[in-house]
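Peer 1: Below are the sequence and a predicted model; questions follow.
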Amino acid sequence: MMLKIIGGLLILTACGLMGIAAANKFGQRPKDIRRFRASVQMLETEIIYGCTPLPQAFHNISTKLEGALKLFYSMVSEDLQIGCSNSFGTSWSKGLDKLLQGTNLDIADKELIEDFGKVLGSSDREDQKKHFGLFYIQLKQHEEMAEEARRKNEKMYKSLGFLSGVVIFILLV
Amino acid sequence: MKMNNYKIYEVLKFMPKDINEMIEKLPALILDSIEEIRLRLGKPLILYGGGKEYLLDKNGRLVFDEKNAYICSIADIKNAVSLVTNFSMYSFEDDIRNGFVTIDGGHRVGICGKVVLENGKVRTMRDISFVNYRVARQVLGAADKVLNYILSSDHSIYNTLIISPPQCGKTTILRDLIRQISSGIPAMGYKGRKIGLIDERNEIAACSLGLPKNDVGIRTDVLDGCPKAEGIQIMIRSMSPEIIATDEIGRSEDAGAVLDAINAGVKIITTIHGSDIGDFLRKPALDNLHKYLFERYIIMSRRLGVGTIEAVLDADYKALKNTLTKEKLQ
């Protein structure tokens, strides 16, 4: 009997934790979008006020960040500086693939960010400022959608995990 | 190993990868003679060098029929502009407005496209579809032929104006004059002079991160990217130069600043576009420089190749030296 209870508890916690992990994924995405937006704001400052060329600007930003974002910015900066890529867009996309592995951004976010890479650096400052403005609005929409998904799914996945644990327990006993 | 001492490789670094690879396959002799590489949207890639024109196919082989030539795509042009501006067009706004960007090594890349106006002035250029890479070469000793006429007996120089049409080696001669006068010429017992160089378009000294990429002598201070009129004032005030050198004067502010410099006891070497002394005298903006300010005029052309010295005139426009046919041929 004792053994059964311990086994059951183990199943319960395992399933509960799985639920929490799945729920966390939804909780992390809005945070990651917010962090990314903050880094883009730094980039805007470098471009609009500092007039810093992109390779240098990316390097400067990477020194102020941590984790996956730091890796992203330093990777793009290096890729541009060693001169192995033809266009900024390809370096940006390459870095973006890495960024997606290290964060909870989803495929829709990737497409949005990838498109932004196509206009970054390709026009004068006034024009760049407009692109940044538009990009913030789009990122905000993604953030709101992510927030909405979190509200809907976070609780559901948590209880789903726990409840499935209970079901398995009942079936086994 | 490739011979990286060719200036052309400095330019190729800023070309789209596939075009770079095509051009690199050319025979070394042709490669070394290349002066211009032209990209036009939807038109063949054309190279110029040593008075000849070269067309390439997509494998980098020379072709004579333009139907077989490599045609520049929109991606080529976009990548070219992006590479030349270090992926950041916004940090080259002024250069783009002027129609060219100077890259490392002092090479110029000219660009043309749709001009956007604001209050009747050029604000920027969009839809860039013509790109011209111009290979700049520093020719040490280019000024040897005229040096004698410019050095004055009191170990200084005469105020000198170089008159030349575009593409005749005017900047090359100016650069070499600056180098020799600044470093001194031991063979002639000439001691170097302090020179203030106002390099508005970054092509004489070709500074990169503040360091001249071309040799402009050991007593030269370079004011990089500064408008000439203001630059001359700054130089006189801050660096106490004995000689001021600058390229392509043309506006009336420039003329005023040159006059100020001469009145401050500073010698001047400068250049204008034109093909003879008449072109200089007909420019109304330079009205107050016409009378006896310059003591030497060097007239250039490319009649016998780039860098032909047609004549050296004194302050009264009398020829000190005429058509150097013989010397050129030697």
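Peer 2: Everything's here; your move. All values reported here derive from a predicted model rather than from experimental measurement.
Peer 1: got the phi/psi numbers for residue 169?
Peer 2: Here I'm looking at chain A. phi -60, psi -50 (degrees, to the nearest 10).
Peer 1: My understanding was that it contacts residue A:12; is that so?
Peer 2: Yes - between residue A:169 and residue A:12 there is a contact at 6.2 Å, judged by Cβ atoms under 8 Å. Any C-beta I mention is one placed from the backbone N, CA and C, and that applies to glycine too.
Peer 1: Chain neighbours aside, what residue packs nearest to residue 20?
Peer 2: Looking at chain A here, since you left the chain open. Nearest residue to residue A:20, sequence neighbours excluded (Cβ to Cβ, 6 or more residues apart in numbering or on different chains): residue A:158, at 5.8 Å.
Peer 1: wrong one, I was asking about chain B
Peer 2: For residue B:20, the closest residue by Cβ to Cβ, 6+ apart turns out to be residue B:12, at 4.9 Å.
Peer 1: Run the chain-centre distance for stretch B:290-298.
Peer 2: How far stretch B:290-298 lies from its chain's middle: 22 Å, per Cα atoms, centre = their mean, to the nearest Å.
Peer 1: Contacts made by that stretch with the rest, please.
Peer 2: The contact list for stretch B:290-298, computed with Cβ atoms under 8 Å, 6 or more residues apart in numbering or on different chains, reads B:146, B:149-150, B:158-164, B:173, B:258-259, B:262, B:268, B:277, B:280-281, B:309, B:311-315, B:317, B:320.
Peer 1: Show me what the longest strand anywhere in chain B is packed against.
Peer 2: When chain B is parsed with DSSP state E, its longest strand is strand B:121-134. Contact here means 3 or more Cβ pairs under 8 Å, 6 or more residues apart in numbering or on different chains; DSSP states H and E; on that basis strand B:121-134 packs against strand B:34-40, helix B:74-84, helix B:93-98, strand B:107-118.
Peer 1: Now do it and strand B:34-40, the angle between them.
Peer 2: Strand B:121-134 runs at 130 degrees relative to strand B:34-40, counting by axes from the mean of the first three to the mean of the last three Cα atoms, to 10 degrees.
Peer 1: can you pull the contacts of the residue lying closest to residue A:164 once chain neighbours are set aside?
Peer 2: In space, and not counting its chain neighbours, residue A:164 is closest to residue A:15: 5.1 Å by Cβ to Cβ, 6+ apart. The contact partners of residue A:15, taken as Cβ under 8 Å, 6+ apart, are A:161-162, A:164-165, A:168.
Peer 1: shouldn't residue B:196 be in contact with residue B:237?
Peer 2: No - taking contacts as Cβ under 8 Å, residue B:196 lies outside contact range of residue B:237: 10.4 Å.
Peer 1: still on that earlier bit, sheet-wise, list the partners of the longest strand of chain B with their directions.
Peer 2: strand B:34-40 (antiparallel), strand B:107-118 (antiparallel) (DSSP bridges).
Peer 1: Can you tell me what sits against the longest one?
Peer 2: It stands for strand B:107-118. For strand B:107-118, contacts defined as Cβ under 8 Å, 6+ apart pick out B:7, B:10-11, B:14, B:80-81, B:84, B:96, B:99-103, B:122-136, B:201, B:203, B:206.
Peer 1: From the residues you listed, list the buried ones, please.
Peer 2: Those of the contacts of strand B:107-118 that meet the buried threshold are B:7, B:10-11, B:14, B:80-81, B:84, B:96, B:99-103, B:124-125, B:128-129, B:131-136, B:201, B:203, B:206, by 16 or more other Cβ atoms under 10 Å in any protein chain shown.
Peer 1: What number of residues are in the vicinity of residue B:89?
Peer 2: Using other Cβ atoms under 10 Å in any protein chain shown, residue B:89 has 26 neighbouring residues.
Peer 1: Format the contacts of residue A:15 as a markdown table; extra columns: secondary structure, neighbour count and pLDDT.
Peer 2: Below are the contacts of residue A:15 laid out as a markdown table (DSSP: H, G, I helix; E, B strand; the rest coil; neighbours: other Cβ atoms under 10 Å in any protein chain shown; pLDDT from 0 to 100):
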| residue | secondary structure | neighbour count | pLDDT |
| --- | --- | --- | --- |
| A:161 | helix | 21 | 86 |
| A:162 | helix | 18 | 85 |
| A:164 | helix | 16 | 89 |
| A:165 | helix | 22 | 86 |
| A:168 | helix | 15 | 87 |
